[in-house]
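Novice: One predicted model, sequence on top.
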Amino acid sequence: MTTLVIVESPTKARTIRNYLPSGYRVEASMGHVRDLPSSAEEIPEAVKGEKWAQLGVNVNAKFEPLYVVPKTKKKVVNELKEALKGADELVLATDEDREGESISWHLQQLLKPKVPTKRMVFHEITQEAIREALKNCRNTDERLVHAQETRRILDRLVGYTLSPLLWKKIAWGLSAGRVQSVAVRLLVKKERQRRAFRQGSYWDLKATLEQEKAPFESRLFTLAGTKIATGSDFDPNTGQIIEGRKVKLLNEAEARELQERLTDKTWTVTDLDEKPVTRKPAPPFTTSTLQQEANRKLRLSAREAMRIAQNLYEQGYITYMRTDSVHLSEQAIAAARSCVEQKYGQKYLSPKPRQYTTKSKGAQEAHEAIRPAGKTFRTPKETGLGGKELALYDLIWKRTVACQMANAQITQITVQLQVEDAGFRSTGKRIDFPGFLRAYVEGSDDPDAALEDQEVILPPLKVGDHPDCKELEAVGHETQPPARYTEASLVKTLEHEGIGRPSTYASIIGTIIDRGYAQMTKNALIPTFTAFAVTSLLEKHFPDLVDTGFTAKMERTLDEISTGEAEWLPYLQQFYKGEKGLENQVKVRETEIDPNVARTVELEDLEVKVRIGKFGPYIEVENGQGPVTASIPKDLTPADLDPDQVEVLLKQKTEGPEKLGLHPETGEPIFILIGSYGPYVQLGEVTEENKKPKRASLPKGVNKEDVTLEMAVGLLSLPRLLGEHPATGCKIKAGLGRFGPYVVHDQGKDGKDYRSLKAGDDILTIGLERALELLAQPKKSRGGNRSKTKTALKELGNHPKDNEPINIYDGPYGPYVNHKKTNASLPEGKSLEDVTLEMALELLAAKSSTKKSTSRSSKSTGTTKKTAAKKTRKTSTNSKKS
């Protein structure tokens with residue numbers, strides 16, 4: 001008997017294949033095989049004339065979805081149908097959540113199997129889990145399918161109904177989404193708070209004291225019995241002390257006067273308090289907490305963390321990574337406790353096994369938290385993993401093991417000191433027993449180092465002691481604006497507010513950045529002017545759709561649909577149809593919204609108007625002779641645009657750019673300007689004869705005010721010839737590119753070899769000797785072709801023409817052969833053991849010839865494609881994501 005098993009990916013297929021009995025064939029669907037149409041091209045001819053066809057949902061026929069097989073999936077579907085012909089049984093083994101259930105249902109609808117069909121679910125890919133799942137197969141869960149389908153339809157209705165309105169009123173290509181637009185509004189609200197923020201300043205005193213030759217620090221806390229003002233006492237909107245706060249605000253003069261008065265006076269310990277504190281370990285990871293910690297500790301984006309976690313799951317290293325559950329099975333608890341005992345000893349084990357309870361009502365259907373797979377946990381070293389996969393597995397392993405460790409016992413110490421009428425306070429922390437902190441400290445990569453950082457040791461002190469004051473200094477402080485969201489803090493807020501599902505956060509944040517609503521700068525998500533305009537329009541005309549409470553209630557209803565507590569059809573009808581439904585609301589608002597108003601961003605304390613234009617945001621002001629406009633640089637955020645910067649931008653437009661001087665060789669003027677991508681220098685003026693004068697951006701970290709004529713001349717001379725490579729005789733140059741300053745070894749037809757400059761290297765002064773040193777160092781990949789930094793599955797030997805290695809690597813679509821920049825997939829049915837060097841050379845040669853013919857074909861048909869694109873653009877629908 002032959003059984004066909006279908007999973008989502010080739011990696012998952014390869015792993016499962018190892019645990020199934022003979023007679024089982026495993027194939028991959030490559031994700032979803034059907035979806036709503038993403039463009040007009042995908043809409044079937046039979047319904048193209050229907051008004052609802054663009055939506056992909058027939059809203060007048062019980063919201064019936066129009067499912068199509070995308071072009072990219074037709075080959076996969078045909079291959080699965082062919083595979084099914086030779087099978088006596090079909091097992092659908094897609095993921096156990098709503099998305100996985102939906103894929104299985106769509107496969108059944110498409111393949112129309114005439115053989116017995118089962119649904120197999122598991123939350124880890126181990127031999128024991130797969131064989132247990134085979135014994136407990138079930139039917140497809142229709143309620144889960146309906147829940148996923150309702151979400152998909154709802155997201156399509158919001159996106160495809162609102163987005164065209166944004167195109168007409170603000171700018172082409174914008175998108176709105178059920179969760180996306182709420183997340184963007186959170187970013188905008190935070191940026192508005194930063195803009196409204198007014199800085200306050202305050203002073204205090206810091207003392208360095210010594211008791212029995214042991215130094216410790218103390219801070220001014222009270223003066224004449226009144227508490228000294230700190231940052232928390234200020235109103236962020238006024239920069240003044242919050243009304244009603246009974247505190248003493250010191251200015252610099254008062255602080256220095258007090259410093260002088262207290263110098264050489266006697267210090268006395270007046271009170272000492274020790275408070276024992278017990279800290280419990282955090283629960284094992286859910287999708288949300290994994291994304292947060294991976295961002296904080298490993299600087300991974302939510303999207304990257306989920307991609308790596310998916311790879312680890314499909315290779316059998318961790319349990320299923322899309323889960324809201326913090327529950328651990330008895331087997332997992334036993335495995336974690338075994339790890340604790342072996343690595344840290346019996347005393348670090350919690351007295352009783354810890355079991356955590358999931359609080360979220362709408363938790364994903366996965367049964368367990370994210371943990372190492374199996375009944376025994378492989379240590380990070382035992383996995384053989386490397387790079388980011390190892391780092392993420394290590395994080396999951398430590399968090400899971402730590403949750404079964406003993407509590408940490410900490411003593412918090414507070415010492416009150418008096419000198420004249422000034423009260424000072426010292427605080428300390430003593431870790432009496434580290435417990436779980438030995439394995440895992442939130443936000444830290446190194447638990448041992450973190451333990452040292454967490455302890456603040458005070459010398460032995462008792463009431464009546466008189467420590468010596470070694471130093472007393474007056475310290476000034478300024479209050480800080482509210483911190484912007486990071487990916488971690490945004491994910492935490494979305495989950496806390498009940499908006500969306502953690503499994504979708506990675507794609508939502510990715511969409512926000514990809515669509516130009518936010519930019520990532522130093523791990524902070526900064527909303528753009530476009531985000532301000534879109535949010536303002538939605539707040540004014542569709543307030544419910546960006547209200548966190550309304551969106552959270554919508555999420556709860558969708559969860560109720562999945563449990564059968566609510567009906568999906570009445571809900572969709574209420575949301576979309578009728579006088580108060582979204583469809584009618586958009587029609588009504590379309591006539592009311594003035595595009596000029598919608599494209600204008602209102603910012604307090606700015607007399608100029610900020611508008612969204614075809615080429616990005618710009619400022620506009622009347623000067624008596626008509627409007628004057630100036631583009632806003634892309635790195636200038638709404639919170640940071642102030643009257644001084646506006647003046648600089650307008651002055652450049654009305655009076656011309658600032659002149660630094662004349663070029664010493666050509667005599668041409670050199671200007672410094674601010675463009676869309678920031679400040680740059682320019683040689684000569686723009687004229688009819690010289691429409692594109694030479695320009696050069698400023699290196700990262702160099703401010704416009706710091707640029708001298710000499711520096712500008714140097715920047716305009718880039719790329720700069722440094723000399724010839726002693727081994728090849730080819731040119732070595734220094735230049736400035738999109739990734740910063742670099743040196744390049746230009747070998748003509750053999751390609752160019754680049755290296756980024758290191759800290760301390762100057763692009764204008766670097767010489768040939770230093771360039772050769774950099775070029776001799778191993779090249780680091782930026783993320784495109786990572787084969788050289790990955791561990792090869794199999795090394796086949798060197799290419800006979802250039803002696804470069806030919807290896808087999810594991811990729812997202814299965815194993816592939818790699819030689820330099822050429823990759824070739826293994827033929828269907830071939831395993832690693834089958835591939836020889838000769839076979840690899842044939843595969844690479846075939847791939848190279850295909851690439852060349854494709855290149856020639858695209859060049860010859862380029863004009864035709866452009867013309868066709870113009871003709872079809874009017875009828876195509878843009879992809880919209882929620």
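Specialist: Yep, it's here. Residues are numbered from 1 along each chain as shown.

Novice: Centre-most residue in the protein?
Specialist: Closest to where the C-alpha atoms of the chain average out (CA atoms, centre = their mean) is residue 301, at 2.9 Å.

Novice: quick one, helices of the stretch 201-350 of the chain?
Specialist: For the stretch 201-350 of the chain, helices defined by DSSP state H, counting those that start in this stretch occupy the ranges 252-262, 287-298, 302-314, 330-343.

Novice: for those helices, which one sits closest to residue 33?
Specialist: helix 302-314 (18.0 Å; CB to CB). No exception for glycine: its C-beta is placed from N, CA and C like everyone else's.

Novice: on that earlier part again, to residue 493, which of the helices of the stretch 201-350 of the chain lies closest?
Specialist: Using CB to CB, the nearest of the helices of the stretch 201-350 of the chain to residue 493 is helix 287-298, at 10.5 Å.

Novice: Which one, of the helices of the stretch 201-350 of the chain, ends up nearest to residue 643?
Specialist: Nearest of the helices of the stretch 201-350 of the chain to residue 643, taken as CB to CB: helix 252-262 at 27.0 Å.

Novice: thinking again about what came up before, would you mind giving the helices of the stretch 201-350 of the chain as a markdown table with mean neighbour count and mean pLDDT added?
Specialist: Formatted as a markdown table, these follow (neighbours: other CB atoms under 10 Å; pLDDT from 0 to 100):
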| stretch | mean neighbour count | mean pLDDT |
| --- | --- | --- |
| helix 252-262 | 15 | 97 |
| helix 287-298 | 23 | 93 |
| helix 302-314 | 22 | 93 |
| helix 330-343 | 18 | 94 |
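
Novice: Residue 498: which of those helices is closest?
Specialist: Closest to residue 498 of the helices of the stretch 201-350 of the chain, according to CB to CB: helix 287-298, at 11.6 Å.

Novice: now the longest helix belonging to the chain: mean pLDDT?
Specialist: Taking DSSP state H as the criterion, the chain has its longest helix at helix 142-169. Mean per-residue pLDDT for helix 142-169: 92.

Novice: and the following helix or strand past that helix, what does it pack onto?
Specialist: Sequence order places helix 180-196 as the next helix or strand after helix 142-169, per DSSP states H and E. Here helix 180-196 touches helix 487-497, helix 502-514, strand 524-527, helix 529-541, helix 548-563, going by 3 or more CB pairs under 8 Å, 6 or more residues apart in numbering; DSSP states H and E.

Novice: Show me the one of these that comes nearest residue 6.
Specialist: Minimum separation from residue 6 across these (CB to CB) falls at helix 502-514, 21.1 Å.

Novice: Past the closest one, which element shows up next along the chain?
Specialist: Per DSSP H and E, helix 502-514 leads on to strand 518-521 as the next helix or strand towards the C-terminus.

Novice: Could you list the buried residues of that next one?
Specialist: Residues 518-519 are the ones in strand 518-521 that count as buried (16 or more other CB atoms under 10 Å).

Novice: In its sheet, which strands sit next to it, and in what direction?
Specialist: Strand 518-521 pairs in its sheet with strand 524-527 (antiparallel), by DSSP bridges.

Novice: Just the CA atoms of the strand it pairs with, as CSV, please.
Specialist: The C-alpha trace of strand 524-527 is given here as CSV (Å, rounded to 0.1, in the frame of the first residue of the first chain):
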residue,chain,number,x,y,z
ALA,A,524,13.6,52.1,16.3
LEU,A,525,10.5,52.2,14.1
ILE,A,526,10.1,55.8,12.9
PRO,A,527,6.8,56.7,11.1
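
Novice: Let me see the mean pLDDT of that strand.
Specialist: Computed over strand 524-527, the mean pLDDT rounds to 94.

Novice: now stretch 611-631
Specialist: 86.

Novice: in that stretch, what's buried?
Specialist: Across stretch 611-631, burial judged by 16+ other CB under 10 Å covers 611-612, 616-619, 621, 628, 630-631.

Novice: So which of those residues are in strands?
Specialist: 611-612, 616-619, 621, 628, 630-631 (DSSP state E).

Novice: ok, those residues vs residue 651, which is closest?
Specialist: Residue 651 lies nearest to residue 630 out of those, by CB to CB, at 9.1 Å.

Novice: Wait, that closest one touches residue 619, no?
Specialist: Yes. Residue 630 is within contact range of residue 619, at 5.4 Å (criterion: CB atoms under 8 Å).

Novice: ok, back up a step: please identify which of the helices and strands packed on helix 180-196 is closest to residue 587.
Specialist: Taking CB to CB, helix 529-541 is the member of the helices and strands packed on helix 180-196 nearest to residue 587, at 12.0 Å.
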